[in-house]
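Student: have a look at this prediction, sequence included:
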Amino acid sequence: MTKILLTGITGQVGQELQETLTSVGEVIGVNRQQLDLTQPEQIHNAIAEIKPDIIINAAAYTAVDKAEKESELAMAINANAPKAMAEAANKISATLVHISTDYVFDGTNHTPYTEDEVTNPLGVYGKSKLLGETGIRQICDRHIILRTAWVYGSRGHGNFVKTMLRLGSQREELRVVADQIGSPTWAYDIAVAITQLVSGQLEKGDAAIPMGTYNYTNSGLASWYDFAIAIFTEAQKLGFPLKIQQVLPITTADYPTPAQRPSYSVLSKVKFTKTLGINPPYWRDSLIEMLTQWRTLTSN
Ligand SMILES: NC(=O)c1ccc[n+]([C@@H]2O[C@H](COP(=O)([O-])OP(=O)(O)OC[C@H]3O[C@@H](n4cnc5c(N)ncnc54)[C@H](OP(=O)(O)O)[C@@H]3O)[C@@H](O)[C@H]2O)c1
């Protein structure tokens, strides 16, 4: 049976992976207490001891603004830990699956970013994630890097959807940035996509599902403002308690944050779709699915 070591099991994507991956093999999930990614020797020891066939790294330092002040910690988790995983994976000929981000790009494009486009991260988080990617590419041939974006889920840590629902239940008016464009993506869909890549790899081999970098987000695009409007419209239909009356579009300049973000970070999914023959679900359909799940979880 295929042995899979999964990190980040308390995170949004990690929690979903812990379930979706059971169709592929035996999942050995580890949390921060069991494997601290700031400790490279722990990574080496765990991988040498467990000897997984596949390592899936769903753990990361994901606090984009905080990273500007905690660059050492962000670098340790997002840049050094993936490198240690790649070295350890190489020693036992395991495959390393790693998740990365749209924030490796600077957002000056006006068309979706393909996998091989020039990167230029604007902040510490993006820089640390890019170093993680390049480290893996240099060290371990048997890798899949899945770049994703604007992640939200009903399980795990906080996210934009949960923040909007909370603020929308407290306030009548909200201002949301309308000049940053991306693709909101449901954590569950990312877990399914990773599971499809991994199982496809095992069944059909490298020729059908080549190793390398893949973009994956939900289909379509939106601004944070569009996303907020969709959240409130769909949440209202599902009976969430909301006070919100008005959402006003503002610019990035109106809402300064410690980290600069790309103004356009839509990722092209052509490679994923061609390789797997699967189109990612449309973002608004996935949002409805997530809200339906979240409504059930929170109304009990
Ligand atoms: N969130 C987004 O919008 C977004 C966008 C693009 C790409 N991504 C990428 O997608 C992947 C999954 O993101 P996510 O949203 O699921 O992340 P998340 O919900 O923030 O979860 C991060 C996970 O990493 C773990 N972790 C953090 N520091 C650790 C350490 N020192 N040792 C061990 N584990 C540690 C966390 O454990 P604790 O619970 O103990 O903190 C948690 O399980 C990441 O690679 C991220 O960079 C995310």
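Tutor: Alright, I've got the coordinates. Residues are numbered from 1 along each chain as shown.

Student: next to the ligand, which bits of the chain? Give me the list.
Tutor: Taking CB under 6 Å from any ligand atom as the measure of proximity, the chain contacts the ligand at 7-8, 10-14, 32, 36-38, 58-62, 77, 99, 101-102, 129, 148-151, 156-157, 187. Backbone N, C-alpha and C define where each C-beta goes, glycine included.

Student: how about a cut-off of 5 Å?
Tutor: 8, 10-13, 32, 36-38, 59-60, 62, 77, 99, 101, 148-149, 151, 156-157 (CB under 5 Å from any ligand atom).

Student: just the ones of the residues you listed in strands?
Tutor: Of these, the ones assigned to strands by DSSP state E are 99, 101, 148, 151.

Student: who's in contact with the nearest residue to residue 183 once chain neighbours are set aside?
Tutor: Taking CB to CB, 6 or more residues apart in numbering, and ignoring the residues beside it in sequence, residue 183 has residue 217 as its nearest neighbour in space, at 3.9 Å. Residue 217 makes contact with 102, 148-150, 182-185, 266-267, 269, 280, 283, according to CB atoms under 8 Å, 6 or more residues apart in numbering.

Student: ok, residue 230 next?
Tutor: Contact analysis of residue 230 by CB under 8 Å, 6+ apart lists 222, 284, 287.

Student: looking at the closest residue to the ligand within the stretch 1-150 of the chain now. What's its pLDDT?
Tutor: When scored by CB to the nearest ligand atom, the stretch 1-150 of the chain has residue 11 as its residue closest to the ligand, at 2.3 Å. Note for residue 11: predicted pLDDT of 96.

Student: give me the number of residues near it?
Tutor: Here the number of neighbours of residue 11 (other CB atoms under 10 Å) works out to 23.

Student: if I look at it, how far off is residue 64?
Tutor: Separation of residue 11 from residue 64 (CB to CB, to the nearest Å): 15 Å.

Student: filter the ones in strands among the residues of the chain next to the ligand to the buried ones?
Tutor: 99, 101, 148, 151 (16 or more other CB atoms under 10 Å).

Student: quick one: which of these is nearest residue 134?
Tutor: Nearest to residue 134 among these is residue 101, at 13.6 Å by CB to CB.

Student: you'd agree the closest one is up against residue 147?
Tutor: Yes: assessed by CB atoms under 8 Å, residue 101 is found in contact with residue 147 at 6.2 Å.

Student: off-centre distance for the helix or strand bottoming out on mean pLDDT in the chain?
Tutor: Sorted by mean pLDDT, DSSP states H and E, the helices and strands of the chain end with helix 283-299, the least confident at a mean of 93. Helix 283-299 sits 18 Å away from the centroid of its parent chain (CA atoms, centre = their mean, to the nearest Å).

Student: residues in contact with that helix?
Tutor: Defining contact as CB under 8 Å, 6+ apart, one finds that helix 283-299 is touched by 152-154, 161-162, 165, 183-186, 188-189, 217-222, 227, 230-231, 234-235, 238-240.

Student: and it, which residues are buried?
Tutor: Neighbour-count burial for helix 283-299 flags 283-284, 286-288, 290-291, 294-295 (criterion: 16+ other CB under 10 Å).

Student: show me where the stretch 201-300 of the chain has helices.
Tutor: Shown for the stretch 201-300 of the chain, the helices assigned by DSSP state H, counting those that start in this stretch span residues 224-237, 270-276, 283-299.
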